[in-house]
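> Generate a structure from the sequence data that follows.
(one chain, ligands or ions: 1)
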Amino acid sequence: MSDLLGTEAEDAIPEPPAPEGPGLFGMGAPAAPKPAPPPVSNQPYRVLARKYRPSTFSELVGQDALVRTLRNAFASNRVAHAFMLTGVRGVGKTTTARIIARALNCIGVDGQGGPTPEPCGVCANCTAILTDRHPDVVELDAASNNGVDDVRELREAVRFRPSMARFKIYILDEVHMLSSAAFNALLKTLEEPPPAVKFIFATTELRKVPATILSRCQTFHLPRVPQATLRAHYGAICGHEGVTAEDEALAIIARAADGSVRDGLSLLDQAIALSAGRVTTTAVQDMLGLADRTLVLDALEAALRGDLPTLLAALDRAHERGAEPAVLLADMLELVHTLTRLNAVPSLAKDGALPEHERTRGAALAASLSVPVLGRAWQMLIKGVPEVQEAPDRRIALEMVMIRLAHVSDMPTPGDLVRRLTEGGAMPAPRPAPAPAGGGTTLRAVAGGAPVAAVPAPKSWQDVVALAADADPMLHAMLLHEVQPVSLAPGRVDIVPRPAAPRDVAARLSAMLERATGARWMVGISRAEAAPTLAEQSRAADADRLAAARAEPFVQAILQAFPGAEIMKVRDTGADRYGLSGPAALTGAAATPDNLPDFAPPDAMPAWDDDEAPPED
Ligand SMILES: [Zn+2]
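All right, here's what the predicted structure looks like:
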């Protein structure tokens, strides 16, 4: 990469064509030598992105894999006839395309050379391509030439031989913008390209390019350039420009560039223009609306320690400095991430890529916090991002987010709480015993008359109700809410329907049971005292569980630690779909374990078929 910044790199880029230049393509001798040293003052200003645009593969920044593959392809003379270059904006897609064009068309200093991975930079083809005025290298923006007619025009032009170079090269930028008709028209040419034609496509959105096109191209993914690489690159350029720059300032620019060489160079351009020879961290921060990193650390540290006065003071200072609240919040998130990394791997503090204060203060802070606390801070801050973005006053919204974070700082995380409570002697009491609801043992079958059932006969009232759930949802609802059970035996169930239950509920229950079990079932309407409906029993069991949970010292401790907390629901994993842990109670008396009758209570009325009239007492 350093060679990119050597003087020859800069000097290799010819000036834009002078109107009185020696012929259109600078035939013969390469463009007239420029004034030898760079007297920056009287040269027209060129933006850094243009001035330091790489002109050979070795100058490409951070694209080693691409460079290696292309070099090999040229060395072995196996160059594809169509390339697809994809990556975020500013990583060097069109730059790469132009280097490929030169590599294909370079004829060498002596005019005899063939395609080469190292274009000479001085031959007629190289210089013409470098200055965008080669007749055979056509750069098209697919966004504005996206119609089928544009592609037809291109197909016409493709039929003619190149006018001066070895290959006609078409560079289509943002190729995903082509209409589907245009893609189809292009496909014909890509299928049978004339031998002297090469296509180089560039796109930021590869997935919008049809697979039919992709399958005919050699595709290269240009990755985002790592921050450290960018920082070194910008540092070298500053050195070359005779500008001093603070390391931290370059780091901020590299971070803001987000992997795009060009974006970062534009920022560096601005920073140099603002700085009068010295790019300072403060100037770059002001330019980008960033808060000082130490200020961000101050604010976050105060929030994590619950120190509200310091936090608010830090936020005020950031505001005075013109920091954009959303950016400040993003900085906090990034810092939480850094702290978490430092917490997990303390040796990362030796990483030179981290700013000094993050290496020292940050490492100390990270060591004093736990991963759950950092994780909670991350969650709270990231939830604040949309809040800050949507708030009418972003500054206030950010302050609220940070105050919230400070407020929970002294609260233990759930994991801490459990540990503190268990180690502090308040051992969690054993799980509340499932609320006894009619012991299963009391439901012994009446001797004799056991039916031969296809499906195991229901053993409890909720078994009966559950059978209806699949077979007859209406019946299921009625049984659940409007029918009180009295007794259950194989082939026989006695119930007390509530007034709201339909008249035929017994008949329907009997028919359903018969279908389900394959045995005959008698359903009696009883007048005996009946147990509550299954829905009521289920609610009662819920309430019991809740009360039992509330009585637990462990839970009480949690409720004390989090004022205002409430137990919403207690789930018993051993309970059935109706929330009962044992067979449902039959008859009101059966509800308590002490006075459970063996089976039907003595006062139970004999059951009868539902078509019989209930006997009078
Ligand atoms: Zn050349």
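> Now do the same contact list for the residue in the stretch 501-617 of the chain that the ion sits nearest to.
Ranked by CB to the ion, the top residue of the stretch 501-617 of the chain for proximity to the ion is residue 562, at 73.3 Å. C-beta coordinates here come from the backbone N, C-alpha and C atoms, glycine included. Residue 562 makes contacts with residue 411, as judged by CB atoms under 8 Å, 6 or more residues apart in numbering.
> Look at it and report its pLDDT.
Looking at residue 562, its pLDDT is 81.
> What does it show for phi and psi?
phi -120, psi 90 (degrees, to the nearest 10).
> mind listing what's buried in stretch 499-516?
Going by neighbour count (16 or more other CB atoms under 10 Å), the buried part of stretch 499-516 is 501, 505-506, 508-514, 516.
> Could you look up the SS state of residue 294?
helix (DSSP: H, G, I helix; E, B strand; the rest coil).
> And it, how far from the ion?
Plainly put, residue 294 is 51 Å away from the ion if you go by CB to the ion, to the nearest Å.
> now the helices: where do they sit in the stretch 301-450 of the chain?
With DSSP state H, counting those that start in this stretch, the ranges of helices along the stretch 301-450 of the chain come out as 308-320, 325-344, 356-357, 363-368, 371-390, 394-408, 414-423.
> Which stretch among those is buried most, on average?
helix 325-344 (a mean of 20; mean count of other CB atoms under 10 Å).
> for it, what is the average pLDDT?
For helix 325-344, the mean per-residue pLDDT is 90.
> what's the answer for stretch 385-404, then?
For stretch 385-404, the per-residue pLDDT averages 92.
> what does it rub up against?
With CB under 8 Å, 6+ apart as the test, stretch 385-404 has contacts from 299, 303, 308, 311-312, 315, 319, 324-326, 328-330, 332-333, 380-381, 383-384.
> Dump the helices of the stretch 301-450 of the chain to JSON lines, plus distance to residue 179.
Compiled in JSON lines, these are given as follows (distance: least, CB to CB, whole Å):
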{"stretch": "helix 308-320", "distance to residue 179": "48"}
{"stretch": "helix 325-344", "distance to residue 179": "37"}
{"stretch": "helix 356-357", "distance to residue 179": "53"}
{"stretch": "helix 363-368", "distance to residue 179": "53"}
{"stretch": "helix 371-390", "distance to residue 179": "35"}
{"stretch": "helix 394-408", "distance to residue 179": "40"}
{"stretch": "helix 414-423", "distance to residue 179": "55"}
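> Report the beta-bridge partners for residue 169.
Listed by DSSP bridges, the beta-bridge partners for residue 169 are residue 137, residue 198.
> I'd assumed residue 202 was in a helix, is it?
No: applying three-state DSSP, one finds residue 202 to be strand, outside a helix.
> close enough to count as contact, it and residue 100?
No: contact criterion CB atoms under 8 Å: residue 202 and residue 100 do not qualify, at 10.8 Å.
> Name the next helix or strand following the helix or strand harbouring residue 479 along the chain.
Under the criterion of DSSP states H and E, residue 479 resides in helix 473-482. Scanning forward in sequence from helix 473-482 by DSSP H and E, the next helix or strand is strand 483-489.
> Which elements pack onto that following strand?
helix 461-471, strand 492-497 (3 or more CB pairs under 8 Å, 6 or more residues apart in numbering; DSSP states H and E).
> Given it, what are its sheet partners and their directions?
Here, using DSSP bridges, strand 483-489 pairs with strand 492-497 (antiparallel).
> ok so, going back, show me what counts as buried in the helix holding residue 479.
Within helix 473-482, judged by 16+ other CB under 10 Å, the buried ones are 475-476, 478-480, 482.
> Equivalent analysis for stretch 198-218, please.
198-204, 206, 209, 213-214, 216-218.
> Repeat that for stretch 183-194.
183, 185-186, 189-190, 193.
> mind saving the C-alpha coords of stretch 212-223 as PDB?
Output of stretch 212-223 as PDB, limited to C-alpha atoms (Å, rounded to 0.1, in the frame of the first residue of the first chain):
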ATOM      1  CA  THR A 212     -28.800 -15.300 -15.800                       C
ATOM      2  CA  ILE A 213     -26.500 -12.300 -16.000                       C
ATOM      3  CA  LEU A 214     -24.500 -13.300 -12.900                       C
ATOM      4  CA  SER A 215     -23.900 -16.800 -14.200                       C
ATOM      5  CA  ARG A 216     -22.100 -15.300 -17.200                       C
ATOM      6  CA  CYS A 217     -19.800 -13.100 -15.100                       C
ATOM      7  CA  GLN A 218     -16.800 -13.600 -12.900                       C
ATOM      8  CA  THR A 219     -18.000 -12.000  -9.700                       C
ATOM      9  CA  PHE A 220     -15.800 -10.200  -7.200                       C
ATOM     10  CA  HIS A 221     -17.100  -9.000  -3.800                       C
ATOM     11  CA  LEU A 222     -15.100  -6.000  -2.700                       C
ATOM     12  CA  PRO A 223     -15.200  -6.000   1.100                       C
END
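> now the strands: where do they sit in this protein?
For the chain, the strands defined by DSSP state E occupy 82-86, 137-141, 168-173, 197-203, 218-221, 244-245, 278-279, 483-489, 492-497, 522-525.
> returning to what we had before: quick check: the farthest pair among the buried residues of stretch 198-218?
The two members of the buried residues of stretch 198-218 with the most space between them (CB to CB) are 198 and 204, at 21.3 Å.
> low pLDDT regions in the stretch 1-150 of the chain?
1-43 (pLDDT under 70).
> The ion contacts on this structure?
Those residues of the chain that sit near the ion, judged by CB under 5 Å from the ion, are 106, 119-120, 123, 126.
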